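J.: Could you work out the structure for the sequence below:
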Amino acid sequence: MKYSHFMQGVLLSAVVVTAVSPHSLAAASTQPGDRMDSAARLSVSSSAESPAASASSTAALGTAFVQVAAGNYYSVGLRADGSVWTWGRNLLGELGIPDTTAVSSMVAPVRLNTLPPLNSIATDGYGYQLGVARDGTVWEWGSRPGYVRETQVPRALRGLSGISQVTTLQKYSFGLGSDGSVKAWMKDQKSGDSSQPISVKGLKNIVQLQSASDYICALDSAGSVWRFTVNTSDNQLHFSVPVRIQGLPALKQISTQHAYDAYGVDRSGKVWKWSSIQASSGTEKLYVKPVSIQPSLQVQNVYASIGYMLLVSRQGEVWMYDGKPGRSAVKVKGLQRIVSASAGDTHRLAVDAKGQVYGWGANNWNEVGVPRNAGDGMEYAPVPIQRPITIRINGTLLPASFPAVNKNNSIIVPVKSIAKELGGSLEATTTQEGTTYRLQYGQTTVTFRPGSAEASIQGRSMALSSPVSMINGAVMVPASLFKQLGCQVDWNPTLAELSIQGK
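T.: Predicted coordinates for the structure are as follows:
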């Protein structure tokens, strides 16, 4: 089913048709906050603050999100501290998480702990991601073309430095240098290795790059848009001569989705759509006169997708427009003070001024950021994503491939990963009565069964604050269990950070 048709019947139910005019912002609603169960809370005070309030109080500490990318059934988010979190489908190794290609999706955000702090992220939308580190190097992760259920874990690309922004078509990628120049490289579809970057001639003072199909748009500091195409032959990259698109106003931001149509926001806040085609003489001509979209709206940014676009207004509202003649943009309910967004094929993400991420649309693979509902798998209105939880073991980030989750106000964690880092082990025994897990830590033995809220420690029965569960194939137990093993367990509700210190 084409997404444009899908959107007409389903996505518009998530919005309310409203006249395009300025609107006042209502107070943010509150949601249940994160707090540790009493057994694991120890001397650390719990918090019942809302995710929005929590994000507001921690923006300076780096836990607020600053950028999101909605891929095809998966999502990626970048926080102010430079950490990258990912969730949703992993059927093709999209998430870049090691040892989890047998796991089809991630129900909650999981951190890519091997990445250095990043300044920006980009995706081709179909499983391949790039990120720019704070030192100007470029990193990649995600699906490997030609390989089923294999993933490329994060790794640095050779020969790239001084980069400030990237865009990728997976086979070809482009980097914007801090000096306004543009570099390009290609990815070998068999080996997965990237070529040495080369400079794209004829471009200078570039401030933004966008790519779609086999063409690239570049916005320069004067507000002009340049366009060129890319292809390969004899394992070499070839570019057309970049040409300036005539007939456009000075723009401050652009967004592209397919080979001909593109969108931009001018300095007065108007959104423009145009279509261009390269003539045989090498000049770039507009074959459709630029059209102003919803001219009464003052827009900060536009985000294009297949069959629709998201408009983020200067007032922080989000509007959705399908581009059909005679139709008006519709306002998305439940979003306020939005500063950035991402328009995916079947779901959307938005970030507010406090760094809280909201998702809506198709959620069959948990790509919206919350567990899939038992009905049609749709989230018809924006919902805050599950708050990402950082785990540190003995002061070091847990190198786990599975997330911690706040379940019924109890923090549950992947027990096998934590036991390994503490020097313990987890084994399973299956009989006709079911599976029993045996956790060994030092001289202490704990046994428990899936679905049970009881465990046995050295033969002594104890109640668990939450039943043992399975999430994404990982055995999950309440973090308070490790307190019973003699570990120090601390929960920081401000940072959503769990610390476990071994005995």
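J.: quick one: low-confidence parts of the chain?
T.: Confidence mapping of the chain against pLDDT under 70 gives the ranges 1-61, 99-102, 146, 148, 259, 276-288.
J.: Now name the helix or strand holding residue 416.
T.: helix 415-421 (DSSP states H and E).
J.: again with residue 147
T.: Using DSSP H and E, residue 147 sits within no helix or strand.
J.: so it touches residue 189, yeah?
T.: No - contact criterion C-beta atoms under 8 Å: residue 147 and residue 189 do not qualify, at 10.1 Å. In this view, the C-beta of every residue, glycine as well, is placed from N, C-alpha and C.
J.: More neighbours: which of those two?
T.: Using other C-beta atoms under 10 Å as the criterion, residue 147 and residue 189 rank with residue 147 on top: 14 against 11.
J.: Share the number of residues neighbouring the spatially closest residue to that one that is not a sequence neighbour, please.
T.: Among residues not flanking residue 147 along the chain, residue 93 sits closest, at 7.5 Å (C-beta to C-beta, 6 or more residues apart in numbering). Close neighbours of residue 93, defined as other C-beta under 10 Å, add up to 24.
J.: hang on, isn't residue 303 packed against residue 319?
T.: No - checked against C-beta under 8 Å, the pair residue 303 and residue 319 is beyond contact range at 10.9 Å.
J.: who touches both of those two?
T.: 310, 311 (C-beta atoms under 8 Å, 6 or more residues apart in numbering).
J.: For residue 426, see how far away residue 465 is.
T.: As for residue 465, its distance to residue 426 is 19 Å (criterion: C-beta to C-beta, to the nearest Å).
J.: With neighbour numbers in mind, choose between these two.
T.: For residue 465 versus residue 426, neighbours defined as other C-beta under 10 Å are more numerous around residue 465 (22 against 19).
J.: Secondary structure element holding that one?
T.: Residue 465 belongs to no helix or strand, assigned by DSSP H and E.
J.: distance of it from residue 91?
T.: 33 Å.
J.: same deal with residue 244?
T.: Using C-beta to C-beta, residue 244 is found at 42 Å from residue 91.
J.: More neighbours: which of those two?
T.: When neighbours are counted by other C-beta under 10 Å, residue 244 and residue 91 differ, and residue 91 comes out ahead with 18 against 15.
J.: For that one, which three-state class applies?
T.: Three-state secondary structure (criterion: DSSP: H, G, I helix; E, B strand; the rest coil) places residue 91 in coil.
J.: Isn't it up against residue 103?
T.: No - assessed by C-beta under 8 Å, residue 91 is found out of contact with residue 103, at 9.0 Å.
J.: Residue 462 contacts residue 455, correct?
T.: Yes - here residue 462 lies in contact with residue 455, judged by C-beta under 8 Å, at a distance of 5.7 Å.
J.: So which of those two has more stuff around it?
T.: Counted by other C-beta under 10 Å, residue 462 and residue 455 do not tie: residue 455 has more neighbours, with 21 against 13.
J.: Give the bridge partners for that one, please.
T.: residue 448, residue 462 (DSSP bridges).
J.: quick one, what contacts it?
T.: Neighbour list for residue 455: 446, 447, 448, 461, 462, 464, 468, 477, 481 [criterion: C-beta under 8 Å, 6+ apart].
J.: In this structure the residue nearest to residue 147 contacts residue 152, no?
T.: Yes - judged on C-beta under 8 Å, residue 93 makes contact with residue 152 at a distance of 7.2 Å.
J.: Overlap in contacts, those two.
T.: Common neighbours of residue 93 and residue 152 (criterion: C-beta under 8 Å, 6+ apart): 142, 143, 144.
J.: Secondary structure for those - can I get that in a markdown table?
T.: Output for the shared contacts of residue 93 and residue 152, formatted as a markdown table (three-state DSSP):
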| residue | secondary structure |
| --- | --- |
| 142 | strand |
| 143 | strand |
| 144 | coil |
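J.: Looking at these, which is nearest residue 356?
T.: residue 142 (25.0 Å; C-beta to C-beta).
J.: so residue 153 makes contact with residue 141?
T.: Yes - if you go by C-beta under 8 Å, residue 153 and residue 141 touch, sitting 6.1 Å apart.
J.: So the residue nearest in space to the middle of the chain versus residue 120, what's the distance?
T.: The centroid of the chain falls nearest to residue 76 when counting by C-alpha atoms, centre = their mean (1.6 Å). Look at residue 76 and residue 120: by C-beta to C-beta, they are 11 Å apart.
J.: How about residue 233?
T.: 31 Å.
J.: Repeat that for residue 240.
T.: Taking C-beta to C-beta as the measure, residue 240 falls 26 Å from residue 120.
J.: How about residue 167?
T.: From residue 167 to residue 120 the distance is 10 Å (C-beta to C-beta).
J.: These two: who's more crowded?
T.: Set residue 167 next to residue 120 and count neighbours by other C-beta under 10 Å: residue 167 wins out with 23 against 16.
J.: Tell me who's in contact with that one.
T.: Applying C-beta under 8 Å, 6+ apart, the residues contacting residue 167 are 122, 173, 174, 209, 210, 211, 216.
J.: cutoff 10 Å now
T.: Counting by C-beta atoms under 10 Å, 6 or more residues apart in numbering, residue 167 makes contact with 122-124, 130, 173-176, 182, 208-212, 216-218, 256.
J.: which neighbours do residue 167 and residue 120 share?
T.: 130, 176.
J.: Residues contacting the helix holding residue 416, please?
T.: Contacts for helix 415-421 (C-beta under 10 Å, 6+ apart): 391-394, 396-402, 404, 414, 424-428, 437, 439-441, 446, 448, 468, 474-479, 481-482, 485, 487, 498, 500, 502.
J.: Overlap of the contact sets of residue 76 and residue 120?
T.: Taking C-beta under 10 Å, 6+ apart as the contact rule, residue 76 and residue 120 both touch 67, 131.
J.: just to revisit the earlier point, please tell me how far the residue nearest to the centre of the chain sits from residue 125.
T.: 11 Å.
J.: correct me, but residue 120 touches residue 132?
T.: Yes - under the criterion of C-beta atoms under 10 Å, residue 120 makes contact with residue 132 at 4.8 Å.
J.: what sits in contact with each of these two?
T.: With C-beta under 10 Å, 6+ apart, residue 120 and residue 132 have common neighbours 78, 163, 164, 165, 166, 176.
J.: and the last one, what is it in contact with?
T.: By that I understand residue 176. 120, 132, 162-167, 182-183, 203, 206-209, 218.
J.: By neighbour count, which of the residues you listed wins?
T.: Neighbour count (other C-beta under 10 Å) singles out residue 218 as the most crowded of the contacts of residue 176, with 28 neighbours.
J.: could you say which helix or strand contains that one?
T.: In this structure, residue 218 is located in strand 215-220 according to DSSP H and E.
J.: Would you mind getting the angle between the helix or strand that comes right after that strand and strand 215-220?
T.: Counting by DSSP H and E, the next helix or strand C-terminal to strand 215-220 is strand 225-233. Here the directions of strand 225-233 and strand 215-220 differ by 140 degrees (axes from the mean of the first three to the mean of the last three C-alpha atoms, to 10 degrees).
J.: Just checking: what are the partner strands of strand 225-233?
T.: Here strand 225-233 has these sheet partners by DSSP bridges: strand 215-220 (antiparallel), strand 236-239 (antiparallel), strand 243-244 (antiparallel).
J.: and residue 367, which of those is closest to it?
T.: Of all the strands paired with strand 225-233, strand 215-220 comes closest under C-beta to C-beta, at 26.7 Å.
J.: are any of the contacts of residue 455 buried, and which?
T.: 446, 447, 448, 464, 468, 477, 481 (16 or more other C-beta atoms under 10 Å).
J.: Point me to the helix or strand that includes the closest residue to the first one other than its chain neighbours.
T.: Nearest residue to residue 446 in three dimensions, chain neighbours excluded: residue 439, at 4.3 Å (C-beta to C-beta, 6+ apart). Following DSSP H and E, one finds residue 439 within strand 434-441.
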